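>>> Give the three-dimensional model of this entry:
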Amino acid sequence: MQLWQLDIVGGVFLAAGAECKVVTGVDDHSRFCVLAAVVVRPTGRAVCAAFAAALIEFGVPDEVLTDNGKQFTARFGRPHGGEVLFDRICRENGIAHRLTASGPQPRPGRSRRRHAHLDRTHAQGDRAASRDDRNALTEGDVEADTNTT
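Modelled structure (predicted):
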């Protein structure tokens, strides 16, 4: 069984001072980082575009685990119910979408460690000029720190 843990982390800044977010995904068993994409705004479309790119590159997992963010579920949105784009992608690809319990929860374990690394790396004051430059730096961090044997 293959399970990916997805989350969104903030605190990544560009040289002009704009804050970006990083959409992260980690395979639960291997701890391989399948997704680390910088987005200017973590909208449903931006998160789903990053997720879709990971599906194309690494294949379709059996399950994904996310928090209850509005990018991932309409469970707590107004009006109640409905299906967000992320749920639709999961349904159309036969992926079971698991949600963490409601209420204040820590990030899923693997994602929490990945985010701690990103916090340490980007807190050192390095600033990228654009989102694409930051994405390149983030991908390099992921390759160097996570996806080695």
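>>> quick one: the closest residue to residue 45 other than its chain neighbours and residue 40, what's the gap?
With sequence-adjacent residues excluded and distances taken as Cβ to Cβ, 6 or more residues apart in numbering, residue 45 is closest to residue 85, at 6.7 Å. No exception for glycine: its C-beta is placed from N, CA and C like everyone else's. As judged by Cβ to Cβ, to the nearest Å, residue 85 and residue 40 stand 18 Å apart.
>>> From the neighbour counts alone, determine which of the two ranks first.
Regarding residue 85 and residue 40, a neighbour count based on other Cβ atoms under 10 Å identifies residue 85 as having more, with 17 against 14.
>>> Was I right to think the more buried one contacts residue 48?
Yes - counting by Cβ atoms under 8 Å, residue 85 touches residue 48, with 4.7 Å between them.
>>> Could I get the pLDDT score of residue 109?
In this model, residue 109 is scored at 58, pLDDT.
>>> oh sorry, the question was meant for residue 16
Note on residue 16: pLDDT of 85.
>>> And residue 91, how far from residue 98?
Here the distance between residue 91 and residue 98 works out to 14 Å (Cβ to Cβ).
>>> That should have said residue 15, apologies.
Spatial separation of residue 15 from residue 98 under the definition Cβ to Cβ is 38 Å.
>>> Equivalent analysis for residue 3, please.
8 Å.
>>> next one: residue 66
Between residue 66 and residue 98 the computed distance is 8 Å (Cβ to Cβ).
>>> Please say which of these two ends up with more neighbours.
A direct count of neighbours by other Cβ under 10 Å for residue 66 and residue 98 places residue 66 higher, at 24 against 13.
>>> Was I right to think that one contacts residue 73?
Yes - using Cβ under 8 Å as the test, residue 66 is close enough to residue 73 to be in contact (7.4 Å).
>>> what's the overlap in contacts for those two?
Common contacts of residue 66 and residue 73, defined by Cβ atoms under 8 Å, 6 or more residues apart in numbering, comprise 86, 97, 99.
>>> Including pLDDT, secondary structure and neighbour count, could the residues you listed go into TSV?
What follows is the shared contacts of residue 66 and residue 73, written out as TSV (pLDDT from 0 to 100; DSSP: H, G, I helix; E, B strand; the rest coil; neighbours: other Cβ atoms under 10 Å):
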residue	pLDDT	secondary structure	neighbour count
86	96	helix	25
97	95	strand	16
99	92	strand	16
